[in-house]
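J.: attaching a predicted model along with its sequence, questions to come.
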Amino acid sequence: MCAAGQSLLECAQQLGVGLSGICGGHGLCGSCRVQILTGSVSEPTSIEQQELSAHELREGYRLACQTYPASDCQLRVPAESMSTSQRTQVEGLELDISPEPAVSAYHLKLQAPSLSDLHGDAEQVLQSLEREHQVSCDAIDIDVLRNISAQLRSRDWQTQASVREQEVIALGPWPSRQLGMAVDLGTTKIAGYLVDLNNGRTLAAEGTMNPQISYGEDIISRVSRITSSTAEGTQMRKLVVEALDRLAADLCAKADAQTQEIVEAVVVGNTAMHHILLGLPVAQLALAPFVPAVRGALDIKARDVGVHIAPGAYVHFLPNIAGFVGADHVAMILATEVARAEGLSLALDIGTNTEVCLAGDGKMTSVSCASGPAFEGGHIKHGMRAASGAIERFRLVDNDVHYLTIDGAPPVGICGSGIVDVLAQLCLDAVLDETGRMTHNHPRVRTHEEQWEFVIASEEERDGHPAITITQKDVRELQLAKAAIQTGIQVLLEAAGRFQEEIEQVTIAGAFGSYIDVSSAIAIGMLPSLPLSRFRQVGNAAGTGARLALISCSKRAESQAVARDAGYIELATVPNFMQIFTEALNIGQHTHKGG
Amino acid sequence: MPSNERRKQILKGLYDGVVAFDEDSVVEFSKAAIGEGVDAYDALMKGLAVGMEKVGELYASREYFVPELLLCADALYAGLDILRPHVKGGGSEESGKKIVLGVVEGDVHDIGKNLVKVMFDAAGWEVYDLGNDVPLDRFVEEQQKTNADVVGISALMTTSMLAMPRVTKMIKTRNPNVAVMLGGAPITREIATSYGADGYADNAGEAVEEAGKMVQMIQKGETAHN
């Protein structure tokens, strides 16, 4: 099936197997662990000898990105190495605005032409719009023209015209629905919504994984793959376009609709996802000074994007703010209305990149923090994504561990919310000191392969399977991740000359942010130490923002104002960045004062 | 001249002070070393430097982390400031080894590189720090200007790391006898080798030893590749 010289990970990617490759196939993350059942493969590399225990290697465990098949092979992919069937989140805030969509529908009754009336079909449509509805249009989409004659005749000269900014973009049967699709195109997950443009109601919601994930789970890995090979960029673009087509089809199936009925779409994503989907250059995005190819909002014909909805429809792309603060952040600001809050307000979307916005006194400023994949389970020895068997809640009471797993399944690893809990509990119970150093005299702390670790589920508790632990090195990774976020917040406060105690509301958006225990996040210092009543977890706010921009032109205008007015601070250029970051590495409640 | 016992006590005090990041104690023992006639170079190399070496080990095993390492560095520099003026020939040139350090162009993340600098300072190397987002030519120029034994280049991002093979080649073309060492989060030994570098260090704690090995190999006329 696969060409010679391809790693098992590359083969899996080609065959469409959802094998995880967090680091992009560099052997750094250990997430593509597979077990070789039959067949011969290359010898383990030094990376694998480091990443896998001698026992695992004997059992046939390998890293797919480091292993090259020498014959047909049979593999087992453990649940924690799968990139599919994870929890994808589509829930968000409810919409409560009156619709004013970009596309309006008009009922037309035309006269059949005769030998004494030789008007063209298109001219009839334009004249009727002008005469009956006082709508003056000057263009008809070429794909509409290609089908206009057959359509008008088969519908007995009655039709519904969809008009967008003086252009007829679709002709359909009268009466028919005007549907729109809103998409939050995340690095990991894609959320889609089918919306009735006339009443603003969401008819269906659907989540799926971003298939580009097999090219690396974070933005930087994907951009570096494209920088090295433009063919891979084309392939990644194709993958995501296909995913959007499938999403449109699935959404329509749920709402008993046809994809051709979708006459407008809105896509929000981070700047890299935006650029990759549009085939824009990305190399400069991930190199200082991190400049996007285009910042402003775009209206692109759906067929130029490559998605198959109504042929003349447009896809509206919300504006980007900077290379690492994209349209998804703009959409989040739009949905959470953080810019309109009375007092000082903080909104953050936690992920591999965490975008934070501080708003108050009519000003707002954003930063992007490189929080890394640790909170999504990456670079953590037993970390995993939120899938069945992941420990998602953790408590330590009198040296006894208590945990909950997703689906109540036997534990196979720890996901983000569980990881935050573990860190908080170890810190509160003094298993970790303030610097993050693990105490060596706790009954559940031991050394294993020359590394201190805290045992969450021992070999005995797992019937002989390897223990699930948090190692000293894991703690260090988590310190880096939480310090990045804490530094972002601190820098924003200092730039605004405000104190954390003055923050009246903290809005946490995104899937991970919705599942974390806020008190645990406060305990480790990731979130500011404020009364719990000031926090709200709003789910997929970027998706909500995309829906708002889909049904309302005023919201679209507002998003452009947000992108124009939002200040942006590049963290690396802040003079005392190193000092703030170093202080933020300590674990414990965040008491450092701003101002 | 202090008694042998007192001399040992002072060296141990310097060592402990650095490891426990106790700046006051390091200052006290450094002054004692000068005041009581302990050779400043000995105090530096057998007290402070071995202390920092221990800190490097603790850092490599992740028992110490960035803040502790920086505090240890503060204690180290407090001692160096006192002792160096008393070392014949200025001190740092004593080891005779020089390194050029910098973060590759397109990348502004320099915490890791700063930690590496501390370890080389401690080990008595002469360090030429070019900072971050360093144009590739600057590495070549600085190496030629200083005739450094080693050029250490760091990258945090897989995007900026793509410039590393080019800069390595530029340096080696101009001067095959200089050792190029790569480091940073996305770099592995395999990647460093494939980029044509002579060496790699996983973390600041291991960088000095690795650099030492590379210099020896090159002096013997070997490279890491054969």
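T.: Yep, that arrived. Numbering: from 1, shown residues only, chains lettered A, B, ... in the order given.

J.: which residues touch the host helix or strand of A:Thr159?
T.: In this assignment (DSSP states H and E), A:Thr159 forms part of strand A:158-164. Contacts with strand A:158-164, where a contact means C-beta atoms under 8 Å, 6 or more residues apart in numbering or on different chains, come from A:102-110, A:125, A:129, A:135, A:137, A:151-152, A:168-176, A:178, A:263-264, A:310, A:312, A:314. From N, CA and C alone the C-beta is placed, and that goes for glycine too.

J.: let's go with 7 Å and repeat that
T.: A:102-109, A:125, A:129, A:135, A:137, A:151-152, A:168-176, A:178, A:263, A:314 (C-beta atoms under 7 Å, 6 or more residues apart in numbering or on different chains).

J.: mind listing the strands that strand pairs with, and their directions?
T.: Strand A:158-164 pairs in its sheet with strand A:103-109 (antiparallel), strand A:167-172 (antiparallel), by DSSP bridges.

J.: can you list the buried residues in the shortest one?
T.: By neighbour count, and taking 16 or more other C-beta atoms under 10 Å in any protein chain shown as the criterion, the buried residues in strand A:167-172 are A:167-172.

J.: list just the nearest of these to A:Pro531.
T.: Closest approach to A:Pro531 among the buried residues of strand A:167-172 (C-beta to C-beta): A:Ile169, at 50.2 Å.

J.: surely the closest one meets A:Pro311?
T.: No - look at A:Ile169 against A:Pro311 with C-beta atoms under 7 Å: they stay out of range, at 8.6 Å.

J.: tell me if A:Gln35 really is in a strand.
T.: Yes - assessed by DSSP: H, G, I helix; E, B strand; the rest coil, A:Gln35 belongs to a strand.

J.: now do the same contact list for the spatially closest residue to it that is not a sequence neighbour.
T.: The shortest distance from A:Gln35 to any non-neighbouring residue, by C-beta to C-beta, 6 or more residues apart in numbering or on different chains, is to A:Arg76 (4.3 Å). A:Arg76 is in contact with A:34-35, A:37, counting by C-beta under 7 Å, 6+ apart.

J.: report how many residues lie close to B:Pro67.
T.: The tally of other residues near B:Pro67 (other C-beta atoms under 10 Å in any protein chain shown) stands at 20.

J.: can you check what pLDDT the model gives it?
T.: Listed pLDDT for B:Pro67 reads 91.

J.: before we move on, the earlier item: just put the strands paired with strand A:158-164 in a markdown table and tack on distance to A:Val325 and mean pLDDT.
T.: Converted to a markdown table, those look like this (distance: least, C-beta to C-beta, whole Å; pLDDT from 0 to 100):
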| stretch | distance to A:Val325 | mean pLDDT |
| --- | --- | --- |
| strand A:103-109 | 29 | 95 |
| strand A:167-172 | 31 | 96 |
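
J.: how many neighbouring residues does B:Lys88 have?
T.: Neighbours of B:Lys88 (other C-beta under 10 Å): 9.

J.: leaving out chain neighbours, which residue sits closest to it?
T.: Nearest residue to B:Lys88, sequence neighbours excluded (C-beta to C-beta, 6+ apart): B:Tyr41, at 7.2 Å.

J.: what secondary structure does that neighbour sit in?
T.: helix.

J.: quick one: it from chain A, how far?
T.: Using C-beta to the nearest C-beta, to the nearest Å, B:Tyr41 is found at 31 Å from chain A.

J.: residues near that residue, how many?
T.: Neighbours of B:Tyr41 (other C-beta under 10 Å): 17.

J.: so what's B:Met52 scoring on pLDDT?
T.: You'll see B:Met52 listed with a pLDDT of 93.

J.: could you chop the chain up by domain?
T.: Just so you know, I chose chain A. The domain map for chain A lists A:8-81, A:103-172, A:179-317, A:337-371+A:487-584, A:374-477, with the assignment taken from automatic domain parsing.

J.: you answered for a different chain; I wanted chain B.
T.: Domain ranges of chain B: B:4-90, B:96-219, per automatic domain parsing.

J.: alongside chain B, which residues does the stretch 351-500 of chain A contribute?
T.: Residues of the stretch 351-500 of chain A found near chain B (C-beta under 7 Å from any C-beta of the partner chain) are A:435-437, A:472-473, A:476, A:479.

J.: mind redoing it with 8 Å?
T.: Contact residues, the stretch 351-500 of chain A versus chain B (C-beta under 8 Å from any C-beta of the partner chain): A:435-437, A:450-452, A:472-473, A:475-476, A:479.

J.: select only the buried ones of those residues in PyMOL?
T.: The PyMOL selection below is limited to those of those classed as buried (16+ other C-beta under 10 Å):
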select buried, chain A and resi 435+436+437+451+452+472+473+475+476+479
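
J.: which SS state does A:Val538 fall under?
T.: Quick answer, by three-state DSSP: A:Val538 is strand.

J.: please report how far it lies from chain B.
T.: Applying C-beta to the nearest C-beta to A:Val538 and chain B gives a distance of 31 Å.

J.: hang on, the earlier thing: could you check the pLDDT of the residue nearest to A:Gln35?
T.: Note on A:Arg76: pLDDT of 75.

J.: which one is residue 204 nearest to, not counting chain neighbours?
T.: All of this refers to chain A. Leaving aside its chain neighbours, A:Ala204 sits nearest to A:Lys254 (3.8 Å; criterion: C-beta to C-beta, 6+ apart).

J.: that was the other one, I meant chain B.
T.: Spatial nearest neighbour of B:Ala204, chain neighbours left out: B:Leu115 (3.9 Å); criterion: C-beta to C-beta, 6+ apart.

J.: next secondary structure element downstream of the host helix or strand of the one you found?
T.: Element membership of B:Leu115, judged by DSSP H and E, is helix B:111-122. Per DSSP H and E, the first helix or strand lying C-terminal to helix B:111-122 is strand B:126-129.

J.: buried residues, that next one. List them.
T.: Under the neighbour-count criterion of 16+ other C-beta under 10 Å, strand B:126-129 has B:126-129 buried.

J.: so the closest residue to A:Ile219 other than its chain neighbours, which of the three states?
T.: Spatially, and ignoring its direct neighbours in sequence, A:Ile219 is nearest to A:Ala272 (4.4 Å; C-beta to C-beta, 6+ apart). For A:Ala272, the assignment made with three-state DSSP gives helix.

J.: quick check, A:Ala272 in contact with A:Asn210.
T.: No - using C-beta atoms under 8 Å, A:Ala272 is not in contact with A:Asn210; the gap is 11.3 Å.

J.: what about those two, which has more around it?
T.: Using other C-beta under 10 Å as the criterion, A:Ala272 and A:Asn210 rank with A:Ala272 on top: 26 against 23.

J.: what's near enough to touch that one?
T.: A:187, A:219, A:222-223, A:282, A:285-286, A:326.

J.: ranking the residues you listed by neighbours, who comes first?
T.: Most crowded among the contacts of A:Ala272, counting by other C-beta under 10 Å, is A:Gly326 at 32 neighbours.
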